[in-house]
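Here's a sequence, model it:
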Amino acid sequence: MPTRRHLILTLLTAALLAAGVGASAQIDRAKLARLHAAFVLNFMKFTQWPEPPDRPLRVLVIGSPAVGAALKQAVDGRTVYDQPVRVDTRSTLPADDALDDDWDRYARDVAGYDAVYVPAARPPALARLTRAVALKPVLLIADTPAGIDVGCHLAFGLEDDRVVFHANLTALEASPLGLRAGLLRLARIHR
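Coordinates of the predicted model:
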């Protein structure tokens, strides 16, 4: 479990990184991908799964090769709850009109991950995924605040030239996951 000192240092580091990424016309996409990757790793450190992990934690990054590569680099040699972290990537979600069997297979596979970083660009597909894994211990993190509206637990945003994150308390309360209060105090809260 992270200590209070660790939480403060982690969040201070994230805040300093966020201060270097602005919402102005020239966002450095590589820096933004590294920042999202660092946040995802830290979100995992402050997530409470129903069972303490006794195996490597698995993260799936969908639709963002840059975040996937940055996260693989960020987790190199690091652990969460004394477990190594493994990162997998996928190019996209299934088509909005994919057959139910295809979605069921995809959802079963995604339910085997501990955290999933997903694009919010296709709300119908993302809503279908969030409904499919809603009661599973899978932390869903969207790349934009639109993910909050369709049931993701956390989502990134840009406000006043800073990267922020949003938390969907309704989705979190309905899931078997818990987020430490210190992390939630820093989030933009939604119900």
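
quick one: the residue nearest in space to the middle of the chain from residue 35, how far?
By Cα atoms, centre = their mean, the chain has its centre lying nearest to residue 141, at 2.9 Å. Going from residue 141 to residue 35 by Cβ to Cβ, to the nearest Å gives 13 Å. (Each C-beta comes from the backbone N, C-alpha and C, glycine too.)

that older thread, okay, the residue nearest to the centre of the chain: pLDDT?
We have a pLDDT of 98 for residue 141.

again, but for residue 26
pLDDT, residue 26: 47.

All the strands of the chain, residue numbers only.
For the chain, the strands defined by DSSP state E occupy 47-48, 57-62, 79-80, 83-90, 115-118, 139-142, 154-159, 162-168, 178-179, 188-190.

Could I get those strands in JSON lines, plus columns for distance to residue 148?
JSON lines is the format used below for the strands of the chain (distance: least, Cβ to Cβ, whole Å):
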{"stretch": "strand 47-48", "distance to residue 148": "17"}
{"stretch": "strand 57-62", "distance to residue 148": "17"}
{"stretch": "strand 79-80", "distance to residue 148": "24"}
{"stretch": "strand 83-90", "distance to residue 148": "22"}
{"stretch": "strand 115-118", "distance to residue 148": "12"}
{"stretch": "strand 139-142", "distance to residue 148": "7"}
{"stretch": "strand 154-159", "distance to residue 148": "5"}
{"stretch": "strand 162-168", "distance to residue 148": "5"}
{"stretch": "strand 178-179", "distance to residue 148": "14"}
{"stretch": "strand 188-190", "distance to residue 148": "5"}
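
Tell me which of these lies nearest to residue 31.
strand 162-168 (9.8 Å; Cβ to Cβ).

how about the nearest residue to residue 48, chain neighbours excluded?
residue 178 (3.8 Å; Cβ to Cβ, 6 or more residues apart in numbering).

how close does the one you found get to residue 184?
Where residue 184 is concerned, residue 178 sits at a distance of 10 Å (Cβ to Cβ).
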